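A.B. asks: have a look at this prediction, sequence included:
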Amino acid sequence: MNTILSIVPIQYYIILSAILFSIGVMGVLTRSNAIIIFMSVEIMLNSVNLLLAAFSTYHNDAAGQIFVFFIMAVAAAEVAVGLAIIVMIYRNINTIDIYNLNKLKG
Amino acid sequence: MLTGLLLLIPLLFMIVSLLMKGKQSGYVALVSSVVSLFISLCMAFTFQHDDTVQFELNYSWISSFGIHFHLGVDGISLILILLTTFLTPFIILTSLQKETDNSNVFFALILLMQAGILGAFTAMDSFLFYMSYEVALIPIYFICGLWGGENRIAVALKFFIYTLAGSLFMLVSIIYLYLQTPGNHSFEISEFYKLNLSSSQQSWIFWGFFLAFAVKIPIFPFHSWQPSTYTIAPTAGTMLLAGIMLKMGLYGLIRFVLPIAPEAVAHWNTLAILLCVCGIIYGSVIAIRQNDLKKLVAFSSIAHVGLIAAGIFSMNAQGIQGAMIQMFNHGVNAVALFFLIDLLERRSGTRLMDKFGGIASVNKRFAVVFAIVMLGSIGLPMTNGFVGEFLLLFGVYQWNMYAAMFAGLTIILGAVYMLRLYRNVFFGEISEASTSILSMSMLERIISYKLVALIILLGIFPNLLLNISAPAVNKLLNLIAHHSNLSSIL
Amino acid sequence: MNISDWLTLRIEIALAVFILLQLIIKIFDLIRSNETWLRLNIAITFLIVLLGFTGNDSGSLFGGMFISTSFIIIEKTILAFATLLVLMQSYNWLKHHQHTPEFFMLLLTALLGMFLMLSANNILLFYLGLEMATIPVAALANFDLDKQRSSEAGMKMILSSAFSSGMLLFGISIFYGITGTLTISSWQEILRPGGLEVLALIFIMTGFGFKISLVPFHLWTADVYEGSPVSITAFLSVVSKGAVSFALARFLFNGVIMMQEFWVEILFLLSIITMTVGNLFAMRQTNIKRFLAFSTVAQAGYILLGLAGDPVNAPTSVVYFILVYMFSNLAALGVVEIVSFATQKEDLDDYKGFYNSNKKLAIVLMLALFSLAGIPPTAGFFGKLFLFTSGIHSASVVWLLFASLNLVVSLYYYMRLVRMMFSENNEKPLASIQSPLLSNIALIICSAGILFIGIFGGLYDYLHQLAK
C-alpha cells in the first residue's frame, strides 16, 4: 500500500469526489446561467479527475493519471466551443440565461 | 420452375407496364395476366392428383435465420392459384373500359398485387407467406387511396391499419412457432406441422392467426373496414378484394390454423363458428336493407365468407372441401356481380337501386346474364354456388345441427336480398337510368358470357375442382387426426 | 507491429491526412468555389467508403489500444457511406454558405472521432473518440450563424454532451478503480455484478443514454434537431446515433458481458419508456423535423431491444438495423431538406397535398415512412424483425408486447403523414420543387436501399458471418 493512501485512505477520495460530483450535477440541473452551468460541468469533470488520480495511486498504475490530462484537455476544448456558442447567443439575444432560449419549445 | 415463372411474370410485366403510357400499360397487364393464366393451366394439366407438393422451388434466402424462398403447389393452393389467374384478366379488362389517371401505375399495382397473392398461395415457408401477404396489401391500399371514391383516404387508411395490425399477430405467432422448431430453427411450414404443441400453446397460436385472418376474411366482428372499403374502391379494387384477396385469409386458416393447432380449433371452434354464423345473419340482414348495389354485394360477401369459414372450422372433409370449391365460386360470382354493377354504374352514373327499374324489358340479354350470376350467388342447383354451399352446410351439420340451421339462413336470406335487388332493378317501370343500358359492347358481352359459362360449368362439373383438392384435404385431415391421436396417447 | 497491422488504420490515417490537407488549402485559400469544395469532399468520403473494402481487416495496434476486425470495418464503412449521403444532400444549402470549407472539416473530424471510438479497446481512446465525435457536431449545429434557433441548438447540444460526458466519466473512473486497467476487453474477466459495479454501469448507461437520446435523457434531441440545419440533423440522427449504438453494443458485449443479466434489465426499462414516450410525443408534433426527431427517439428503443440478444445476433441486428435506418431516415430528411430549402416550410400541415405538386419526392418520403414504420416488404421491416428475433433471446414477454404495441402506435402517426401527403385540400400547397442532381442521386440510392436491402437477405448472413 502506498504511503499517501496510508495517510488519507482511498475511501475519503471516493466520498469527496462523489460529493463534488453531486454538487456539479445539482449545479447543471438548477442553475440558469450558461457560464455557471459550464462551471458545474467542470466541477463534475474535476471530481472524476480526483477519483482517477486516487485510483491510479491505489493501483500503482500510471494510466489513470494520463487519463486526467486528457480529460483536462478535452474539457478545455469543450468549453472553447461552448463559450464560442455563448458569444453567438449573446450577440443574438443579449443574454446568456438559458431560460431565454425558448425560441425552440423545450 | 412453373411456380417461379408464375411469380416472375407479373413482376416483370409490372416494370414494363410502368414504362408504358395510357391504355398501352393496360394491354401489357392484360398480356401478363393471360400468360399467367396459361402457365397456371399448364400446371393444372400436369398436376398429379395426389397429396404431394409439386412444382417445388427452394432457395436459401436468409440462411442464418433459416428463411427459405420455398415455393410449391399442392391441391389446395392450386385451386386458389387458378382462381387468381382466372380472375385477373377479367379485372384488368374491366378497368380497361374506363379512363384512369396514371393508368400505368394503376395496372402495375394490379400486377404487383397478383404477384403478392400468388406468392402467398404458393409459399411453403411461413416467412415468405407473411411477406407475400403484406406485399399484396400495399398495392390495394394505393388502389383504394388514389383511385377510390369519396372519403377514400380515410377509408383506405383504416383498412390498411386494420389489416396490418391484424397480421402483426400472425407474425408474432410465426416467430413463436419458429422458435419452437428443433435444432437450427426453420420457418418451413412443414416443420411447423411436426411440432408437438401443448394445448395452451396451441390456443395462443390459434388466436394469433385467427385475429390476422379474421380481419382479412372478414369474420364478424372484425369486418368494420370492409363495407366502406368495398364501396369506395374502384371496381377493379373491389374485385381484387372480394374475389381474391380475402381468400388469403381463408387459405391461411386451412394452411396454418387447422394443421398446426388442431386441438385449439377443436376447443375454440364453437366460438369461432358462432362468430361466423353471426356474420352470416348480420351480413344478410344488412344486405336486405341496402339501396346501394355495391354495398349490398359487399355485405352479402360477409355472409358468404362467413359460411366458408364456418365450414373450415367444422374440421371435416365435407366442410373443407366445400370451402375449397366455394372459395373459387365466390370469387367468380363476386367478380361477375361487381362487373355487372360496374357496367350499370358506368352507363347510368348511379348504382342506387331505386334509380333503376325495368331493365328486363330494355335489355333482355343483360337481364338473363344478371339472373344467372345472381342465382349462382344464391346457390341454386346447376349453378356453381349450389355445390359449395351444400357441402359447407353438410360439413357444419355434421359438427352441429343447430349451427347448420342458422348457417342455412344464408341461402334463404340470400334469396331475399338478391331477388329484391332483381325485382327493383329489372322489373317494374322503366326508369330514366335504365334506358342507358340499351346494349352491351362486344367486350362486355364476351366477359359476361365467359363468367356465365364458368358459373354453369362448375355447377355441373364441380369434380373438376373437387378432384384437385381432395387428396390434399385428406392429407390435412390425416394430419389433424394424427395430432389428436398423439396427444391422447401422451 | 508490422506494416499489415498499420493497414488496419488506413481509414483513419487517410481521413486525418485529408482533414489536414483541407486545413492547409483553406489557410492558403487555394480553392475559392464552394462547389469545388463540395465535390472534393464528396470524392474524399467516397474514397473513405472504398477504403473500407480493401486490404487487411483484423489486427491491433498501439499495444492493443486500437483493434480492428472485419465487422468494425463494416461499421465504419456504413458510417462513411451515411456521411457521403449527407454531403450529397447538403448541396443546396452549402452552395451559398459563407463557411463551407469549415463545415467539411468539422464533419470529417467528427467522423474520424467515431472511427476511433469504434476501434477503441482502451477506454481513454474511446473517450477521446467520443468527444471528438460530439464537439465538432455541436459547432455544426450552430452553423447557421445568424439564426437564433441554430445557436440555441448548438448551446443545448454542447451542454447536454458535456453533462453526459461527465456522467460517463464518473462511471468509467469507478470501473477503473475496480479493475485497475483501462483496457476494455480485460474488464470482462474482472467485472462481476456487485453494488459498486452496478452504480458505475448506471452512470455509464446514462452517458450513453444522452448520446443516443434515450428517454429520459432525450430532452435536448427535439430542440437540437429542429434548430440545426437539416444536414446536421441528418448527420446527428443517423451517423452519430449509429456510431454510438455500435459503440454501446461493443461496450456491452466486450466490456461488461458478465453483467448481462443486470444490464438487460436497464435496457428493458429504458427501452419501453423510450419507445412509448417517443411515439406519444411524435404524435403531437406539428413541425416535421421535431416529428422525425421523436420518431428517431422511438427507434432507439427498438435498438435496445435488439441489444438484449446473444453476442453474435445482437451486434449483427443492430448494425443491420442502423444500415436500414440510415437509408430510411436520410431519405425522409433528404426530402425535408429539399422542401425546406426551397420554400422555408417545415410544418407537417405544409405537406398536405404534397403528392399532387411533387409526385416523386412524395413517393420517396412515403417509402421512407413505410420503412421507418416497419411495413413489409421495405427494409425497415426486416430491420425490426431482426431486432425482435435477436431480443427474444433474453427479453421478457412484457418487453416484446410493449414493442409490438408501439409498432402499431407508430404505424398510426407515420401513416397520418402519408395520408396528409395524398390528401388534396391545402389552401397553400407547396410549389413544385426542382431538386439538384446530387440530392436526387442520394434520394435514389436511399430508395433503392429501402426497397432492396431487405429482399436480398444475403446481407444479413454476411454480417452474421463477420460477427462470429
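C.D. replies: On my side now, so go ahead.
A.B. asks: low-scoring stretches of the chain, by residue?
C.D. replies: Using chain A. A:1-2, A:98, A:100-106 (pLDDT under 70).
A.B. asks: other chain: chain B
C.D. replies: Applying pLDDT under 70 to chain B flags the ranges B:484-490.
A.B. asks: on contacts alone, who are the packing partners of the strand ranked longest in it?
C.D. replies: Under DSSP state E, the strand in chain B containing the largest number of residues is strand B:54-62. Packing partners of strand B:54-62 (3 or more Cβ pairs under 8 Å, 6 or more residues apart in numbering or on different chains; DSSP states H and E): helix B:2-19, strand B:67-73, helix C:458-467. Every C-beta, even on glycine, is put in place using the N, C-alpha and C of the backbone.
A.B. asks: minimum distance to chain A: which of those has it?
C.D. replies: Nearest to chain A, of all the helices and strands packed on strand B:54-62, is helix C:458-467, at 29.6 Å by Cβ to the nearest Cβ.
A.B. asks: flag every buried residue along that closest one.
C.D. replies: Buried residues in helix C:458-467, counted by 16 or more other Cβ atoms under 10 Å in any protein chain shown: C:459, C:460, C:461, C:463, C:464, C:466, C:467.
A.B. asks: need these in TSV with distance to chain B and pLDDT, can you?
C.D. replies: Formatted as TSV, these follow (distance: Cβ to the nearest Cβ, whole Å; pLDDT from 0 to 100):
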residue	distance to chain B	pLDDT
C:459	9	84
C:460	5	85
C:461	5	84
C:463	9	86
C:464	4	86
C:466	11	85
C:467	10	83
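A.B. asks: next, format these as CSV and append distance to residue B:376.
C.D. replies: Converted to CSV, these look like this (distance: Cβ to Cβ, whole Å):
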residue, distance to residue B:376
C:459, 50
C:460, 49
C:461, 50
C:463, 54
C:464, 53
C:466, 59
C:467, 58
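A.B. asks: so who does residue B:18 touch?
C.D. replies: Going by Cβ atoms under 8 Å, 6 or more residues apart in numbering or on different chains, residue B:18 touches B:25, B:104, B:105, B:108.
A.B. asks: show me which of those are buried.
C.D. replies: Using 16+ other Cβ under 10 Å as the burial test, those include B:25, B:104, B:105, B:108 as buried.
A.B. asks: does residue C:105 touch residue C:22 like I think?
C.D. replies: Yes - using Cβ atoms under 8 Å, residue C:105 makes contact with residue C:22 at a distance of 5.6 Å.
A.B. asks: more neighbours: those two, which one.
C.D. replies: residue C:22 (21 against 18; other Cβ atoms under 10 Å in any protein chain shown).
A.B. asks: switch the helices and strands packed on strand B:54-62 over to TSV; also include distance to residue C:357.
C.D. replies: As requested, the helices and strands packed on strand B:54-62 are exported to TSV (distance: least, Cβ to Cβ, whole Å):
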stretch	distance to residue C:357
helix B:2-19	21
strand B:67-73	40
helix C:458-467	36
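A.B. asks: secondary structure class for the closest residue to residue C:376 other than its chain neighbours?
C.D. replies: Leaving aside its chain neighbours, residue C:376 sits nearest to residue B:134 (3.9 Å; criterion: Cβ to Cβ, 6 or more residues apart in numbering or on different chains). Here residue B:134 is recorded as helix under DSSP: H, G, I helix; E, B strand; the rest coil.
A.B. asks: quick one: contacts of stretch C:186-198?
C.D. replies: Under Cβ under 8 Å, 6+ apart, the answer for stretch C:186-198 is C:174-175, C:178-179, C:181, C:254-259, C:261-262.
A.B. asks: what is the end-to-end distance of it?
C.D. replies: With Cα to Cα, to the nearest Å as the measure, stretch C:186-198 spans 18 Å from end to end.
A.B. asks: residues of that stretch that come out buried?
C.D. replies: Under 16+ other Cβ under 10 Å, the buried positions of stretch C:186-198 are C:186, C:187, C:188, C:191, C:197.
A.B. asks: now intersect the buried ones among the contacts of residue B:18 with the helices, please.
C.D. replies: B:25, B:104, B:105, B:108 (DSSP state H).
A.B. asks: which residues sit in contact with the third one?
C.D. replies: Read that as residue B:105. Counting by Cβ under 8 Å, 6+ apart, residue B:105 touches B:18, B:142, B:146.
A.B. asks: between these, which sits nearest chain C?
C.D. replies: Within the contacts of residue B:105, the smallest distance to chain C is 6.8 Å, found for residue B:146 (Cβ to the nearest Cβ).
A.B. asks: and the contacts of residue B:18, which two are the farthest apart?
C.D. replies: Pairwise distances across these peak at 8.4 Å for B:25 and B:105 (criterion: Cβ to Cβ).
A.B. asks: what is the helix or strand of chain C with the lowest mean pLDDT packed up against?
C.D. replies: For chain C, counting by mean pLDDT, DSSP states H and E, helix C:3-7 ranks last in confidence among helices and strands (a mean of 77). Contacts defined by 3+ Cβ pairs under 8 Å, 6+ apart place helix C:3-7 against strand C:59-61.
A.B. asks: okay, the closest residue to chain B within the stretch 251-400 of chain C and chain A: tell me how far apart.
C.D. replies: At 3.9 Å from chain B, residue C:376 is the closest residue in the stretch 251-400 of chain C, using Cβ to the nearest Cβ. Noted for residue C:376: a distance of 36 Å to chain A, by Cβ to the nearest Cβ, to the nearest Å.
A.B. asks: cool, and residue C:167?
C.D. replies: 8 Å.
A.B. asks: ok, residue C:402 next?
C.D. replies: For residue C:402 relative to chain A (Cβ to the nearest Cβ), the value is 26 Å.
A.B. asks: list the contacts for that residue?
C.D. replies: Counting by Cβ under 8 Å, 6+ apart, residue C:402 has contacts C:271, C:272, C:275, C:276.
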